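Peer 1: pasting the structure only:
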């Protein structure tokens, strides 16, 4: 990971803090409306990532008309901007706010708590859908003992800011062997561990059927469940009429008689991805279609693209 210049670090951080000041100064509903309108303008007028995203959507939904695919694309872009606004406002989102904006949040917290109370922790797998941060923020605000994992940001000031915005969630930095040990201990001590399945694993891992093709997916989340004997809750968050809906899709349990831990984690990973594929297809405008590394590219192709002068911008 290349190091940013001092100017870039300070400029990016100052821009972020200015955005935070604006996002927190105006009412929530107005901020959400501005983010939604900005998403439409950036995608349809400025045409940011327009061709790339339309190609991806046409590949996944060849039967749908182009007009509908465009609606899915700009709605997805707007959703990302709305996520950013909510990230900037995160410290203000208390339990009372969650009661107003997260449908049946306390009910889902109690359901997840029942798995924690079994004594083996629980692994919660959520896709990049709706505001996935809200899924964690709301459960943590209601008192679920929650930990997660996140990549370190290149800008150290923004990295520190991100940590502060996680609020009540204990977040470990990805990439350290120590992190894996700490997460396993937290699960074994009876905590909930939330993870976004890594759909862009750099090395060959578990091949899954996803979006009508073959994707390379990390088995790490399922492996934690296998090693700790924890149930896996497959869930998704979506936006609906200005509110957030946390949907419990299924509960999977590792086979306690399985002889091969990696094979069992691969089986569970494929089951998780099958369920998530079905849910994303049901609400495609909620999912993140704008990632730089297309998830259906094999690792070898990603590595070759990363070596090109543009840094692998697909």
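Peer 2: Received, thanks. Note that the structure is a prediction, hence the values are computed from the model and not measured.
Peer 1: so what's residue 39 up against?
Peer 2: For residue 39, the contact set (CB atoms under 8 Å, 6 or more residues apart in numbering) comprises 74, 75, 77, 78, 79, 80, 81, 82. To be clear about C-beta, it is placed using only N, CA and C from the backbone, and glycine gets the same treatment.
Peer 1: Turn these into CSV, columns for distance to residue 14, pLDDT and neighbour count.
Peer 2: Converted to CSV, the contacts of residue 39 look like this (distance: CB to CB, whole Å; pLDDT from 0 to 100; neighbours: other CB atoms under 10 Å):
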residue, distance to residue 14, pLDDT, neighbour count
74, 29, 96, 19
75, 30, 97, 20
77, 25, 95, 27
78, 25, 97, 23
79, 26, 97, 24
80, 22, 96, 16
81, 20, 97, 18
82, 23, 97, 21
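Peer 1: Farthest-apart pair in these, please.
Peer 2: Based on CB to CB, the longest span within these runs between 74 and 82 and measures 12.4 Å.
Peer 1: Quickly name whichever of the contacts of residue 39 is closest to residue 182.
Peer 2: The nearest one, if we look at those relative to residue 182 and count by CB to CB, is residue 80, at 29.6 Å.
Peer 1: and the closest one, backbone torsions?
Peer 2: Dihedral angles of residue 80 (phi, psi; degrees, to the nearest 10) stand at phi -60, psi -40.
Peer 1: So it versus residue 31, what's the distance?
Peer 2: 14 Å (CB to CB, to the nearest Å).
Peer 1: quick one: residue 111 and residue 139, what's the gap?
Peer 2: 10 Å.
Peer 1: Neighbour count: the two, which is higher?
Peer 2: residue 139 (27 against 15; other CB atoms under 10 Å).
Peer 1: check which helix or strand covers the more buried one.
Peer 2: According to DSSP states H and E, residue 139 maps onto helix 132-141.
Peer 1: List of residues touching that helix?
Peer 2: With CB under 8 Å, 6+ apart as the test, helix 132-141 has contacts from 83, 86-87, 90, 93-95, 98, 102, 105, 108-109, 112, 124, 126, 146, 148, 167-169, 192, 194, 196, 235-237, 244, 246.
Peer 1: show me what contacts the closest residue to residue 29 other than its chain neighbours?
Peer 2: Leaving out its chain neighbours, the residue that sits closest to residue 29 by CB to CB, 6 or more residues apart in numbering is residue 242, at 7.2 Å. For residue 242, the contacting residues are 29, 32, 101, by CB under 8 Å, 6+ apart.
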